[in-house]
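Student: Need a 3D model of the following:
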Amino acid sequence: MGKQLGRIRLLCHEELGLILAKLTDPGDRITFSQVCKEWFQLEALHRSSLRLLRHQFLRQVLPRFPNLLTFQTSGHITDPDLEFIAQTCPQLEIIDLTTSGHKPFCLLGFGLVELANRCPKLSKVLLKRRRSITDHVFVSFIKFAPNLVHLDLGGCYSISDRALKAIGCCGSLSYLDLESCGFTDRGLGFLANGSCAKTLKTLVLAWCKGITDVGVSRLQKMQCLEHLSLCNSSRHKITDIGGLAISAIKTLRTLNLAALAKLSNHTVAALAENCPNLEVLDVSECRLLTGAGIRAFRGHVCLETIVLHRLHQVRASDLEHLVLGCPALKSIFVHGEEILSEILPLMQERTRRFVRMGIAFPTYSSK
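Tutor: Now for the predicted structure:
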């Protein structure tokens, strides 16, 4: 219990810690820390997350927060900085170094190895657009990060097959973003045949120019995969051969095939038949698709959202067929106002169920 000072009872650290645990609003925690120097220090010891806006203050600020679980910065950061973070915050579980890409080359990656070595609980790492990170360093990082669950390497152009071979051995990985990375079909084979194939639920392969039907076909070995994006990946090298292989992944819930110009109605029909859990489908700019392919989803019980941007062979009657035949459907996104003005009156007359109709914008991820 706290001490008694005159008529004022002083709370002990354990009691103050319980109060702090109830303060989820950042403003309330700041107010708490301003009461006195002791409370200021106590709040820092109980702080679990920090977003650093100015990198030049890292070494002055970070020692106040030795028990951080989450660290985030989008600015300039170097490998010695990461080593300092690892030494100061050994309990770290999440590090987010996502950057805009304006100054991505100051981080070579050897600091990541030290981070993984000193922070055994590290489970979530986001390195989006840190483009100077290479295979050599990343392979070493993976060896010291056995508990990795979430990994974002989007925009790290130098990541290739060698890194994917190491990633494939991660037995706890559930989220992997490889947007715009430089691997090939061989790298996808390492993922599909590795330990991560049994745990991976989300895989982002948008803007990956080195993959073809051969690599995409290997993904059907990932039988717990729920979310897959192939948006704009080798748009003329992935055909119905790869599309039919993807349809064999029966656990899929969201699928983005936008701008894969060689896909046809055969792929869409196979998805409708073989993927009973599919909730969201984006086939924008798959220009070989026609209304017949879209109509294949009639009777699908889980489909909630479908994006049909720039599919000029799809007519209002096809959308009407879809709405009347898909009991879970909530949203359809199309290209242009003309088809909307045609379909909306039909919906009002022939169905009482509200389905949101909207104009789609390109869903491509930014490089």
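
Student: ok, now which ones touch the residue nearest the centre of the chain?
Tutor: Note on the chain: the residue nearest the mean C-alpha position is Asp177, at 6.0 Å, using CA atoms, centre = their mean. Counting by CB atoms under 8 Å, 6 or more residues apart in numbering, Asp177 touches 128, 151-154, 202, 204. For the C-beta atoms, the positions are set from N, CA and C on the backbone; glycine is no exception.

Student: what does Cys170 give?
Tutor: 142, 145-146, 148, 151, 194-196, 199.

Student: Could you look up the SS state of it?
Tutor: What DSSP: H, G, I helix; E, B strand; the rest coil gives for Cys170 is coil.

Student: Give me the phi and psi for it.
Tutor: phi -70, psi 110 (degrees, to the nearest 10).

Student: what about the protein, any weak spots by pLDDT?
Tutor: 1-46, 101-105, 336-367 (pLDDT under 70).

Student: how does it look with 50?
Tutor: 1-2, 4-9, 352, 364-367 (pLDDT under 50).

Student: just checking, Lys165 is part of a helix?
Tutor: Yes - counting by three-state DSSP, Lys165 is found in a helix.

Student: show me the contacts for the closest residue to it other than its chain neighbours.
Tutor: Using CB to CB, 6 or more residues apart in numbering and skipping the chain neighbours, the partner closest in space to Lys165 is Phe190 (4.3 Å). By CB under 8 Å, 6+ apart, the contact list for Phe190 reads 161, 164-165, 167-168.

Student: I'd like those as TSV, with neighbour count and distance to Ala328 appended.
Tutor: Output for the contacts of Phe190, formatted as TSV (neighbours: other CB atoms under 10 Å; distance: CB to CB, whole Å):
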residue	neighbour count	distance to Ala328
Asp161	18	39
Leu164	25	35
Lys165	20	40
Ile167	26	34
Gly168	23	35
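
Student: Of the residues you listed, which is the nearest to Gly109?
Tutor: Within these, the smallest distance to Gly109 is 14.4 Å, found for Ile167 (CB to CB).

Student: The closest one contacts Cys181, correct?
Tutor: No - here Ile167 lies out of contact with Cys181, judged by CB atoms under 8 Å, at a distance of 10.5 Å.

Student: What are the boundaries of the helices in the stretch 1-150 of the chain?
Tutor: Applying DSSP state H, counting those that start in this stretch to the stretch 1-150 of the chain gives helices spanning 13-22, 26-33, 37-45, 58-61, 79-88, 110-118, 135-143.

Student: still on that earlier bit, report whether the residue nearest to Lys165 is found in a helix, as I expect.
Tutor: Yes - according to three-state DSSP, Phe190 belongs to a helix.

Student: just to revisit the earlier point, which one of the contacts of Asp177 sits in the busiest neighbourhood?
Tutor: Leu153 (26 neighbours; other CB atoms under 10 Å).

Student: who's in contact with that one?
Tutor: By CB under 8 Å, 6+ apart, the neighbours of Leu153 are 127-128, 133, 138, 159, 163, 176-178, 181.
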